[in-house]
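# Need a 3D model of the sequence below.
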Amino acid sequence: LILRLGGIYIKIGQVMSTIGQGLLPQQYVDALKPLQNGVPPRGYDEISRIIEKSTGKKMDDLFVDFQKKPIGSASVAQGHKAH
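Numbers count the residues shown, from 1 in each chain. Got it, this is the predicted structure:
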């Protein structure tokens, strides 16, 4: 569920997996620990929709080249090579 919600929910889960000892039942802390190892990247279709919606322009108008595979992903962002 946290991965589906994304962003800040993943970040909260990461924090709780590290400081949750004594605040949460151990089973919850254990369930949240995989969030520390990274999160799966969002697909290109979703990324292009976000960029196009926020800029009001098509990807082809913004970039000569945009690599669909991200070079990294995290709880609130991911990076792509583009120019």
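
# Farthest from the middle of the chain: give me that residue.
Most distant residue from the mean C-alpha position of the chain: residue 22, 27.3 Å away (Cα atoms, centre = their mean).

# Could you check the pLDDT of that residue?
Per-residue confidence at residue 22 stands at 82 (pLDDT).

# can you check residue 76 too?
At residue 76, the pLDDT recorded in the model is 74.

# Kindly report the same for residue 40.
81.

# For residue 22, see how far away it is.
30 Å (Cβ to Cβ, to the nearest Å). In this view, the C-beta of every residue, glycine as well, is placed from N, C-alpha and C.

# Not counting sequence-adjacent ones, nearest residue to residue 55?
In space, and not counting its chain neighbours, residue 55 is closest to residue 62: 6.4 Å by Cβ to Cβ, 6 or more residues apart in numbering.

# Count the residues that sit near the one you found.
A total of 13 residues lie near residue 62 under the criterion other Cβ atoms under 10 Å.

# gap between it and residue 33?
Taken as Cβ to Cβ, the span from residue 62 to residue 33 is 38 Å.

# buried sites along stretch 62-76?
Neighbour-count burial for stretch 62-76, counted by 16 or more other Cβ atoms under 10 Å, picks out 63, 66, 70, 75.

# Would you list the phi and psi of residue 2?
phi -60, psi -40 (degrees, to the nearest 10).

# who touches the residue nearest the centre of the chain in this structure?
The residue lying closest to the centre of the chain (Cα atoms, centre = their mean) is residue 75, at 4.0 Å. Residues in contact with residue 75 (Cβ atoms under 8 Å, 6 or more residues apart in numbering) are 6-8, 10-11, 14, 35, 39.

# how does it look with 10 Å?
Residue 75 sits next to 2-3, 6-15, 35, 38-39 when contact means Cβ atoms under 10 Å, 6 or more residues apart in numbering.

# Buried only: go through the residues you listed for me.
Here, 16+ other Cβ under 10 Å leaves 2, 10-11, 13-14, 35, 39 buried among the contacts of residue 75.
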